[in-house]
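Peer 1: Return atomic coordinates for the entry below.
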Amino acid sequence: MSCFIEIMGQGKPLVLLHGWGMNSAVWERVTKRLSANYRLILVDLPGMGQSRPVYPYHLHSLAEAVSEEIPGVSSILGWSLGGLVAQQIALNQPDRVEKLILVGTNPSFVSKPDWPHGIEARHFEQFNERFAKDFNATLLNFLTLQCMHAKDARSTVRKLRFAFGAKPTPTQESLNQALDILLQTDLREEIGRLFQPTLIIHGDRDTLAPVSAAHWLAMHLHKAHLRVIAGAAHAPFLSHADAFCASVEAFMADESAES
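Peer 2: Predicted coordinates:
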């Protein structure tokens, strides 16, 4: 088993994939509500949380490792790096993905001459350097920033900090390899092969994946629904948990959005 998974709730299977440097504890604010209606499959991506690394470590190997551990047919919700993994699974095994939910993600996180919807690579590299110096302090700072607009931000950060502390810290090698995926991946040309109904949830204050990327995705995916959450940054499920869950529930219940 390459990926550590936790399962909670009953109903249609919904796989949750976290972002770079994180683990499945990041879903703390939404699991109770979502598990009331869905069977949640919480995944620690390879090299993070309680999952061991895979070799070689690239987007395809992550997608393969995750797909080996999740139900035969399921909906997949991916945040940031997890959104790239979710898209790759849907591209590789389209019959196994009923619906996609992409949160704060981008087909190409790095800006290019023909792609103004990313950010400069140096910002990711600077973020990685801060993690290398003090992983726990940088993680806490990131979570705090993402919870700023939550009603109970302090309590949420405290719970998340405890949950993350219960799992192993990623090695610098794993962080570097995962960062390379963010720096090198460009799925723009493959987006046209995603035919699954897709919900795009994005914060209008996201600085790691500009909201313009979400609008681009909505225009280029075949069956896309866009939900921009005002006041949210890169992790709307932390800062605006109720609005986030309501959007997920409406999309999952929408029979017109069936593939």
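Peer 1: what sits against residue 107?
Peer 2: Neighbouring residues of residue 107 by CB atoms under 8 Å, 6 or more residues apart in numbering: 87, 185, 186, 187, 188, 191, 213, 216, 217. (C-beta placed from N, C-alpha, C; glycine too.)
Peer 1: That should have said residue 94, apologies.
Peer 2: 193, 194, 195, 196.
Peer 1: Buried ones among those?
Peer 2: Among those, those buried by neighbour count (16 or more other CB atoms under 10 Å) are 194, 196.
Peer 1: so which of the contacts of residue 94 comes closest to residue 150?
Peer 2: Closest to residue 150 out of those is residue 196 (30.2 Å), distances taken as CB to CB.
Peer 1: SS state for that closest one?
Peer 2: coil (DSSP: H, G, I helix; E, B strand; the rest coil).
Peer 1: Next one, pLDDT for it please.
Peer 2: Per-residue pLDDT puts residue 196 at 97.
Peer 1: One more: residue 151?
Peer 2: Residue 151 is given a pLDDT of 79.
Peer 1: Make sure it is indeed in a helix.
Peer 2: No - when classified by three-state DSSP, residue 151 is found to be coil rather than part of a helix.
Peer 1: quick one: secondary structure of residue 53?
Peer 2: Put simply, residue 53 is coil when judged by three-state DSSP.
Peer 1: so it makes contact with residue 174?
Peer 2: Yes - using CB atoms under 8 Å, residue 53 is in contact with residue 174, at 5.5 Å.
Peer 1: Are any of the contacts of residue 107 buried, and if so which?
Peer 2: Using 16+ other CB under 10 Å as the threshold, 87, 185, 187, 188, 191, 213, 216, 217 are the buried ones among these.
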